[in-house]
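> What follows is a protein structure lacking sequence information:
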């Protein structure tokens with residue numbers, strides 16, 4: 001009998017997938033990448049729910065998904081959050097992603113924020129493959145390690161906010177564009193469709209992304225002009241159209257109200273101050289230097305002198321600036337060197353067909369830098385999410401320059417490269433450790449924090465802490481079944497109201513009763529203020545009609561329990577109606593829900 005070897009038998013099919021997996025796990029680079037991913041997941045997911053940042057905007061967004069979860073997906077809106085300080089609304093994709101994670105992980109603040117966590121983790125993967133388009137394996141892994149541990153990116157992955165997914169979708173957009181223009185890529189058409197999807201999603205997340213990302217994409221495609229079958233172009237445009245169909249339908253129903261707000265926002269953001277163009281350029285350059293440095297190092301104690309250009313150039317640096325200017329100058333040098341290296345390598349390889357990575361990087365920087373110049377004196381930390389990959393590209397080019405031009409021994413260069421990235425990772429992890437300690441102790445200890453350059457927080461407040469306060473309030477409600485009246489700082493007030501409504505406890509913003517001149521006999525009255533704030537004046541505003549009966553500290557927040565004075569009571573109890581859909585305020589474009597489009601007798605909904 002003749003024996004045939006398995007691997008020579010014409011019908012034998014080796015387990016290719018199994019072999020590929022085995023090869024991957026034998027690859028040292030893959031194992032390093034896995035370790036980087038585990039670190040990134042840990043930093044983003046550790047005590048995710050307990051330490052969740054859940055304040056003004058988060059409660060607003062959770063209210064949207066809560067309604068859709070409780071009453072049906074058709075209650076999702078056709079427009080998204082408002083662009084800051086305006087009536088213009090973005091696209092609704094952010095709400096749709098949040099709704100999906102609420103369905104999967106639960107209808108609670110953590111479930112609502114899970115999409116930001118997921119996109120934050122996936123952004124590490126996309127970033128790594130984007131870096132590999134230009135840098136070698138070693139530099140790409142080192143940059144991915146720093147990216148995964150950057151406290152700036154860690155923090156923005158740990159709560160729900162519409163700008164938070166920008167790093168993932170912008171990086172996915174740029175990776176797909178590079179795939180589209182790669183002549184060796186077999187699925188260029190598919191990547192073109194992916195680019196359309198990621199472009200549509202990222203422009204739903206923030207107004208500045210809505211303006212900048214299409215410009216970057218259009219310029220890159222015009223420069224490279226990839227030859228791809230027309231059907232893929234059509235599919236890409238169709239994906240964009242479908243994701244923008246909800247806003248289009250809403251504008252058709254309202255006669256273009258939201259579309260008309262776009263030009264008002266553009267005009268308002270560019271004409272908001274009286275600074276001249278040179279001042280704006282200098283201010284923008286300074287802000288970029290400090291922002292890029294923050295992303296790379298986690299260090300926020302940086303300042304640079306103020307520059308005024310009138311008849312002459314004036315530099316001013318107050319005492320607070322003087323204590324931080326040295327590190328600010330380091331940030332300025334780091335940014336300038338990185339920018340110079342990007343221009344140098346781009347110019348050096350301008351005739352190289354494989355210079356797409358740097359071409360896209362230059363466009364990425366130039367378009368957003370130009371846009372941010374217009375709003376240089378109104379830049380917020382979240383704006384750096386739109387350029388989150390560029391600081392690492394600057395660093396990667398510096399590491400590459402050491403390898404390309406240094407006369408030092410190759411082993412010594414490797415040591416310097418690993419040492420530099422290791423120090424930056426250490427700085428970030430140290431800042432993460434400090435922040436995690438603050439999260440862990442916010443509910444039981446009052447402490448002051450330094451100026452927060454990441455979220456601009458003045459006080460650390462966690463979801464765990466809010467739940468403890470709500471439980472304290474609920475105990476009083478359970479005893480007498482009186483409605484709860486609560487007031488707090490603006491950033492916390494809406495979140496406490498959200499928690500009370502989720503527990504089906506009748507409640508109202510205490511300010512409404514004050515405005516209406518009502519003092520109810522049956523009511524549980526509470527004020528919540530930061531423990532270290534000047535809360536005395538806030539409490540004294542109520543002393544004419546109420547008296548303080550208890551004060552209880554919950555770490556960084558303090559709860560004040562008051563009761564009405566007998567002589568001030570003018571009403572027995574407030575009657576509460578069921579929550580309905582609110583009509584839009586005057587001047588605010590109407591935002592429809594899907595069920596309202598198909599029902600003629602429904603009312604319109606408006607986000608406060």
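Yes, it's here. No experiment lies behind these values; they were computed from the predicted model shown.
> Are we agreed that residue 159 is in a helix?
No - counting by DSSP: H, G, I helix; E, B strand; the rest coil, residue 159 falls outside a helix, being coil.
> and the spatially closest residue to it that is not a sequence neighbour, what does it touch?
Distances taken as CB to CB, 6 or more residues apart in numbering place residue 53 nearest to residue 159, at 3.8 Å, with adjacent residues excluded. Bear in mind the C-beta positions are built from the backbone N, C-alpha and C, glycine included. Contact analysis of residue 53 by CB atoms under 8 Å, 6 or more residues apart in numbering lists 158-159, 455, 461-463.
> Now residue 53: which helix or strand?
Assigned by DSSP states H and E, residue 53 falls within no helix or strand.
> and what of residue 152?
Per DSSP H and E: helix 151-155 holds residue 152.
> Over to residue 59?
Counting by DSSP H and E, residue 59 is part of helix 56-71.
> circling back to that earlier point, please state the offset of the helix holding residue 152 from the chain centre?
Taking the mean of its C-alpha atoms, helix 151-155 sits 10 Å from the chain's own mean (CA atoms, centre = their mean, to the nearest Å).
> And the contacts of it?
Residues from elsewhere that reach helix 151-155, judged by CB under 8 Å, 6+ apart: 43-44, 120, 123, 147, 167, 294-295, 298, 381, 384, 388, 428, 431-432, 435, 454-455.
> switch the cut-off to 6 Å
Residues from elsewhere that reach helix 151-155 (CB atoms under 6 Å, 6 or more residues apart in numbering): 43-44, 294-295, 298, 428, 431-432, 454.
> Report the two of the residues you listed separated the most.
Based on CB to CB, the longest span within the contacts of helix 151-155 runs between 44 and 294 and measures 18.0 Å.
> what's downstream of the helix holding residue 152, the next helix or strand?
Once the chain leaves helix 151-155, the next helix or strand it forms, by DSSP H and E, is helix 166-180.
> That following helix packs against which elements?
helix 109-131, helix 188-203 (3 or more CB pairs under 6 Å, 6 or more residues apart in numbering; DSSP states H and E).
> want to throw those into a markdown table with mean neighbour count and distance to residue 521?
Shown next, in a markdown table, are the helices and strands packed on helix 166-180 (neighbours: other CB atoms under 10 Å; distance: least, CB to CB, whole Å):
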| stretch | mean neighbour count | distance to residue 521 |
| --- | --- | --- |
| helix 109-131 | 23 | 34 |
| helix 188-203 | 23 | 52 |
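> Packing partners of the strand or helix carrying residue 424?
Residue 424 is located in helix 410-441, with elements delineated by DSSP H and E. Using 3+ CB pairs under 6 Å, 6+ apart as the contact test, the elements touching helix 410-441 are helix 137-149, helix 151-155, helix 277-297.
> Which positions in the first one come out as buried?
Taking 16 or more other CB atoms under 10 Å as the neighbour-count basis, helix 137-149 is seen to contain the buried residues 139-149.
> mind listing what the residue nearest to the spatial centre of the chain touches?
Compute the mean C-alpha point of the chain, and by CA atoms, centre = their mean the closest residue is residue 164, 2.0 Å away. When contacts are counted by CB under 6 Å, 6+ apart, residue 164 touches 116, 156.
> quick revisit: can you check which of the helices and strands packed on helix 166-180 gets nearest to residue 549?
Of all the helices and strands packed on helix 166-180, helix 109-131 sits nearest to residue 549, with 30.2 Å by CB to CB.
> Check the offset of that closest one from the chain's centre.
In terms of CA atoms, centre = their mean, the centre of helix 109-131 is set 11 Å apart from its chain centre.
> now the angle between helix 166-180 and that helix, please.
Angle of helix 109-131 versus helix 166-180, following axes from the mean of the first three to the mean of the last three CA atoms, to 10 degrees, is 30 degrees.
> the strands in this protein, which residues?
Along the chain, counting by DSSP state E, strands occupy 306-309, 313-316, 484-488, 507-509, 524-530, 546-554, 557-564.
> for the first one, packing partners?
When contacts are defined as 3+ CB pairs under 6 Å, 6+ apart, strand 306-309 packs onto helix 277-297.
> Let me see the residues that make contact with the helix it packs on.
150, 152, 300, 302, 304, 307, 309, 331-332, 334-335, 372-373, 376-377, 379, 384, 391, 424, 427, 453.
> Run a quick neighbour tally on the closest residue to residue 247 other than its chain neighbours.
Take residue 247 and drop its neighbours on the chain: the residue closest to it by CB to CB, 6+ apart is residue 91, 5.4 Å away. The tally of other residues near residue 91 (other CB atoms under 10 Å) stands at 25.
> try the one 5 residues further on
As a burial measure, the neighbour count of residue 96 was computed by other CB under 10 Å and equals 20.
> any idea of the mean pLDDT in stretch 265-280?
Stretch 265-280 shows a mean pLDDT of 74.
> domain assignment for the protein?
Taking automatic domain parsing as the criterion, the chain consists of the domains 273-405, 463-582.
> In JSON lines, list the ones you listed along with distance to residue 36 and mean neighbour count.
Formatted as JSON lines, those follow (distance: least, CB to CB, whole Å; neighbours: other CB atoms under 10 Å):
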{"stretch": "domain 273-405", "distance to residue 36": "13", "mean neighbour count": "18"}
{"stretch": "domain 463-582", "distance to residue 36": "28", "mean neighbour count": "16"}
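> okay, those domains in CSV with distance to residue 252 next?
Below are these laid out as CSV (distance: least, CB to CB, whole Å):
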stretch, distance to residue 252
domain 273-405, 29
domain 463-582, 20
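> Which among these is found nearest to residue 215?
Taking CB to CB, domain 273-405 is the member of the domains of the chain nearest to residue 215, at 5.2 Å.
> Pull the distance from the closest one to the chain's centre.
Counting by CA atoms, centre = their mean, domain 273-405 comes out at 20 Å from the chain centroid.
> Can you list the low-confidence ranges for the stretch 151-300 of the chain?
266-273 (pLDDT under 70).
> Over to the chain?
1-26, 84-85, 266-273, 353, 579-587, 600-608.
> repeat that with 80
1-26, 84-86, 262-274, 311, 351, 353-354, 577-589, 599-608 (pLDDT under 80).
> contacting residues for residue 262?
By CB under 6 Å, 6+ apart, the contact set of residue 262 is residue 88.
> quick one: it from residue 256, how far?
For residue 262, the distance to residue 256 equals 10 Å [CB to CB, to the nearest Å].
> try residue 421
Taking CB to CB, one finds residue 421 at 51 Å from residue 256.
> So the two - more neighbours on which side?
Between residue 421 and residue 256, counting by other CB under 10 Å, residue 421 is the more crowded of the two (20 against 12).
> tell me, how many neighbours does residue 424 end up with?
20.
> now do the one 5 residues further on
Residue 429 has 17 neighbours, counted by other CB under 10 Å.
> Residue 37 now?
16.
> Residue 166 reaches residue 387, doesn't it?
No - counting by CB atoms under 6 Å, residue 387 is not a contact partner of residue 166; they are 9.5 Å apart.
> hey, what's in contact with both of those two?
Counting by CB under 6 Å, 6+ apart, no residue touches both residue 166 and residue 387.
> And the contacts of stretch 311-325?
For stretch 311-325, contacts defined as CB under 6 Å, 6+ apart pick out 301-303, 305-306, 308.
> repeat that for 10 Å
Here stretch 311-325 makes contact (CB atoms under 10 Å, 6 or more residues apart in numbering) with 278-279, 282, 290, 299-308, 328, 331-332, 451.
> again, but for stretch 33-46
By CB under 10 Å, 6+ apart, the residues outside stretch 33-46 that reach it are 24-25, 27, 114, 116-118, 120-125, 127-128, 137, 140-142, 144-151, 153-158, 425, 428-429, 432, 436, 439.
> repeat that for 7 Å
With contacts defined as CB atoms under 7 Å, 6 or more residues apart in numbering, stretch 33-46 is touched by 117, 120-121, 124, 128, 141, 144-145, 148-149, 154, 157-158, 432.
> Quick check: the two most widely separated of the residues you listed?
Every pair of the contacts of stretch 33-46 checked by CB to CB; the farthest is 141 and 158, at 23.9 Å.
> Cool, thanks, signing off.
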